[in-house]
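In: need coordinates for the below:
(one chain, ligands or ions: 1)
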Amino acid sequence: MTIHEHDVVVVGAGGAGLRAAIAAQEAGADTAIVTKLHPVRSHTGAAEGGINAALREGDSWEDHAYDTMKGSDYLGDAPAIETLCKDSPKETIQLENWGMPFSRDDDGRVSQRPFGGLSFPRTTYAGAETGHHMLHTMYEQLVKRGVRVYDEWYVTNLAVTDEEDPDDRSVHGVVAYDIRSGELHGFQANDGVVIATGGLGQVYDHTTNAVANTGDGVAMAYRAGVPIEDMEFIQFHPTTLPSTGVLITEGVRGEGGILYNSEGERFMFERGYANNAGELASRDVVSRAELTEVNEGRGIEDEYVHLDMRHLGEERITDRLENIIHLAEDFEGVNPLEEPMPVKPGQHYAMGGIETDENGETAVSGLYAAGEAACASVHGGNRLGGNALPELMVFGARAGRHAAGGDMEAAKIETGRTDEAEAGEVDSPVPLGEVGIEGGVAADGGATTATTPSEVVEATLEAERARIEELLEKEDGVHHAKIREEVQQTMTDHVNVFREEGGLKQALADIREAREHYQDVTVEDPSRTYNTDLIQTIETRNVLDLAEAITVGALARDEFRGAHWRKEHQERDDENWLKHTMLSWNDGDPELWFKPVVLEGESKTYEPKIRSY
Ligand SMILES: Cc1cc2nc3c(=O)[nH]c(=O)nc-3n(C[C@H](O)[C@H](O)[C@H](O)COP(=O)(O)OP(=O)(O)OC[C@H]3O[C@@H](n4cnc5c(N)ncnc54)[C@H](O)[C@@H]3O)c2cc1C
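Out: Numbers count the residues shown, from 1 in each chain. Presented below is the predicted three-dimensional model:
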């Protein structure tokens, strides 16, 4: 039994994980990153458009906070939003000081461009490859500081104690599978574990996310008893290439790109979807507008609309958006210098995730989360483009520093079940949660009654070893690809941009069936090394749990807010729904509850207003 010991263990090496590890190491902790991908292959590298930061005269963190709260449709928590907007300039300047090659204006200043839902052009960028440069810049800093990286190690579970009340539990490490050797090792974390495992796009079949984005960290934390928050809020990006889901950055519209329907109308204005902001309305508004055009017969090939940037001219496009020329040519066979690009909405971002406070801390002692896996609640019902990259810097740094025992101001956001928690109910047509809790191939969190840190890690390692052996030994059964396809199909059909009660119930029934199939899941590849079949089988379990969580939230929330549109409920209902949807896994049984949104900021309360663009 091999156990590695560090002060802080960070799971994931995208922007959030790298930033957390740098901060933890700087705070004096012996820090390690455990990651299934090499750091620079993490999905942050796909980020194109930029980082929102109030850097210039005429702009302010207060304006950024106002835009973000409005963009969230008043479901963001003010302390988290204000923290984001105050810390983002500092983090962005630090990236610049670390050598990030930002695009620059003629006067030498870092360039900023307009982005959807912003009242000021505050999106800082490095061409249309911002995330790629961000990852490389931070990876250099990581190497310089000597942080240990275990890359191509797949974390299968968290080592968490098993007290009855999840708020009393503590994390002591993780268990990870060495993809090269097929060995399973324990990682003991003496001070803290930071989850930075990124998005969950693989819950859907048309997504801008990589195949690695299976929401592992969110699902593991959920099963260990950590509440997950606002899972129904999924962002569908309005400009993805129809055949692959590859993203065409909002920067194209920021630079002046125009959307047209099949009748050649600039529909965002001509059909009245957003009379002021037009193409630069927030993403939920533009995605709904595009699908309405298609559904009303004004789409092209009944599927998409056109995004035209030819009028910007070759010089400007090559200077600021060169990557887009290659993406459109390589993935759609279209030269955007000569013809418009076909685009349609695709799953892009999870606004919800692991509940944290503004210091990245969760309800389980020693466990932190940051980046897309976390929900500090800065995005609420809809994320503004350019707000995820600053989020992962700001809260990655805080989570890392906090995990390492650094000094932090007391958080204003409370996590876990407080006195304000309100019980919830959902009218599901099928039982929810675990199918067979006894034995079986499902992993449950908080699996150990051991108490000392090393015993907790050892016991979790044993449990995970047994689970993996069982998976590898089963000879006949259902392949994970079939189960994943069933889930992705029903989520795409029923839990997409437009949602209605019957469809959501159908999705829950389909997910239940897929869960039952998972009891018979089989791994066809018997090898121990580079067994991606095994890893994808484990990931599919995570996809299942998160698909259910998204759908439960979507069915429970009977209002229309941000990205969550309900056919039967066409209004935002502030009287009843200024609250977060929370889900806790109680020994295999998902429990729904709510907690109020925090609208009180440092010096003002954000009063909900009509959200128009
Ligand atoms: C195409 C695209 C473009 C975008 N453009 C922008 C933009 O311009 N501006 C903006 O603000 N936002 C943008 N976003 C959103 C933003 O890029 C992401 O939300 C953010 O980069 C996520 O970073 P992360 O560190 O949380 O996760 P990731 O970068 O996805 O990293 C996750 C890490 O976790 C590891 N991991 C996952 N599971 C496990 C496991 N079980 N065991 C071990 N390791 C694991 C992976 O190896 C990886 O290292 C974009 C998103 C996409 C998809």
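In: my guess is Y273 contacts A289, does it?
Out: Yes. Here Y273 lies in contact with A289, judged by CB atoms under 8 Å, at a distance of 3.9 Å. Heads up, the C-betas are built off the backbone N, CA and C, glycines and all.
In: which parts of the protein belong to which domain?
Out: Domain assignment for the chain by automatic domain parsing gives 3-234+354-412, 237-347, 453-596.
In: contact partners for H38?
Out: Applying CB atoms under 8 Å, 6 or more residues apart in numbering to H38 gives the contacts A13, D151, E152.
In: by neighbour count, which of those residues wins?
Out: Highest neighbour count within the contacts of H38, by other CB atoms under 10 Å: A13, with 32 neighbours.
In: got the contact list for it?
Out: By CB under 8 Å, 6+ apart, the neighbours of A13 are A21, I33, T35, L37, H38, P39, S42, V149, D151, A196.
In: now pLDDT and distance to the ligand too, for the contacts of H38, in CSV please.
Out: Listed next are the contacts of H38 as CSV, based on pLDDT from 0 to 100; distance: CB to the nearest ligand atom, whole Å:
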residue, pLDDT, distance to the ligand
A13, 98, 4
D151, 97, 8
E152, 97, 9
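In: okay, the residue of the stretch 401-550 of the chain found nearest the ligand: pLDDT?
Out: Of all residues in the stretch 401-550 of the chain, E539 sits closest to the ligand, at 7.5 Å by CB to the nearest ligand atom. Turning to E539, the model gives it a pLDDT of 98.
In: same deal with G251?
Out: For G251, pLDDT reads 89.
In: between the domains of the chain, which one is closest to S603.
Out: domain 3-234+354-412 (8.7 Å; CB to CB).
In: just how off-centre is that closest one within its chain?
Out: Once both centres are worked out by CA atoms, centre = their mean, to the nearest Å, domain 3-234+354-412 turns out to sit 9 Å from its chain's centre.
In: so how far is F498 from the residue nearest to G257 when sequence neighbours are not counted?
Out: If the residues on either side of it in the chain are set aside, G257 comes closest to M309, at 4.1 Å by CB to CB, 6 or more residues apart in numbering. Distance check for M309 against F498: by CB to CB, to the nearest Å, it reads 28 Å.
In: the longest strand along the chain pairs with which strands, parallel or anti?
Out: Across the chain, the longest stretch assigned as strand under DSSP state E is strand 184-195. As defined by DSSP bridges, the strand partners of strand 184-195 come to strand 3-11 (parallel), strand 171-178 (antiparallel), strand 367-369 (parallel).
In: do that strand and the ligand meet at all?
Out: No. Using CB under 6 Å from any ligand atom, strand 184-195 never reaches the ligand; the gap is at least 8.6 Å.
In: average pLDDT for that strand?
Out: pLDDT averaged over strand 184-195 gives 98.
In: on that earlier part again, identify whichever of the strands paired with strand 184-195 lies nearest to the ligand.
Out: So among the strands paired with strand 184-195, strand 3-11 is nearest, using CB to the nearest ligand atom, at 5.3 Å.
In: dump the closest one to CSV, restricted to CA.
Out: Output in CSV follows, covering the C-alpha atoms of strand 3-11 (Å, rounded to 0.1, in the frame of the first residue of the first chain):
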residue,chain,number,x,y,z
ILE,A,3,0.7,6.5,0.5
HIS,A,4,2.2,9.8,-0.6
GLU,A,5,2.2,12.6,2.0
HIS,A,6,1.9,16.3,1.4
ASP,A,7,0.5,19.3,3.2
VAL,A,8,-1.8,20.4,0.5
VAL,A,9,-3.1,18.2,-2.4
VAL,A,10,-4.7,20.0,-5.3
VAL,A,11,-6.8,17.8,-7.6
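In: which parts of that strand are buried?
Out: Neighbour counts using 16 or more other CB atoms under 10 Å place H4, E5, H6, D7, V8, V9, V10, V11 of strand 3-11 among the buried residues.
In: near the ligand, from these?
Out: Residues of the buried residues of strand 3-11 in contact with the ligand (CB under 6 Å from any ligand atom): V11.
In: as a markdown table, the buried residues of strand 3-11 with pLDDT would be great.
Out: Listed next are those as a markdown table, based on pLDDT from 0 to 100:
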| residue | pLDDT |
| --- | --- |
| H4 | 98 |
| E5 | 98 |
| H6 | 98 |
| D7 | 98 |
| V8 | 98 |
| V9 | 98 |
| V10 | 98 |
| V11 | 98 |
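In: most widely separated two among the buried residues of strand 3-11?
Out: Among the buried residues of strand 3-11, E5 and V11 lie farthest apart (CB to CB), at 15.8 Å.
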